[in-house]
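*Asks:* Sequence and predicted model, in that order:
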Amino acid sequence: MCCSALEIAELKKPAGPLCKNCRHASGCAIYDDRPQVCRDFECEWLTRRDLSRRFRPDLAGVILMEDADSDEYRAVCAPEKPMAWRQPQIFAHLVAAAKSGRVVVAKAGLMSWRIHASGAWSVTV
């Protein structure tokens with residue numbers, strides 16, 4: 001899912017469309033030469049063993065990730081599931097992150113929402 005939902009500036013790939021180097025049955029066509037940003041990226045599903053299988057990005061429609069540039073905790077939705085962050089289990093996880101003091105943002109294409117510790121959410125600009 002990271003090959004579609006995320007922007008990859010080094011490949012001039014916007015958020016949304018599938019990366020031109022992604023091959024359905026065999027993975028990345030440029031795997032050995034992929035950009036450093038692709039080499040370094042690890043979503044929460046890969047790094048946190050305590051997450052339920054329901055949080056697996058291709059099943060949930062959401063990539064949970066730390067954004068190093070903004071220090072935000074993000075839920076980036078698959079283009080075909082823009083409101084996937086509202087699934088009860090995902091939303092509860094995001095609210096818990098907000099309660100811990102994190103800035104939590106859900107993103108879907110050009111839209112984004114801030115999730116607050118109270119459980120409220122608001123559109124961001």
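*Replies:* Here it is on my side, so go on.

*Asks:* Quick check: W45 is in a strand.
*Replies:* No - the assignment for W45, made by DSSP: H, G, I helix; E, B strand; the rest coil, is helix rather than a strand.

*Asks:* Burial check on it, number of neighbours?
*Replies:* Residues near W45, counting by other CB atoms under 10 Å, number 21. Placement of C-beta: from N, CA and C, glycine included.

*Asks:* do M65 as well
*Replies:* Under the neighbour criterion other CB under 10 Å, M65 is assigned a count of 22.

*Asks:* now it, which residues is it bridged with?
*Replies:* R74 (DSSP bridges).

*Asks:* Hmm, L46 and it touching each other?
*Replies:* No - counting by CB atoms under 8 Å, M65 does not reach L46; the two are 9.8 Å apart.

*Asks:* so D50 sits in a helix?
*Replies:* No - counting by three-state DSSP, D50 is not part of a helix but coil.

*Asks:* can you pull out the strands in the protein?
*Replies:* 22-23, 27-28, 62-67, 72-77, 103-108, 111-115, 121-123 (DSSP state E).

*Asks:* how about those in TSV, adding distance to R86?
*Replies:* Formatted as TSV, those follow (distance: least, CB to CB, whole Å):
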stretch	distance to R86
strand 22-23	27
strand 27-28	30
strand 62-67	10
strand 72-77	9
strand 103-108	8
strand 111-115	9
strand 121-123	9
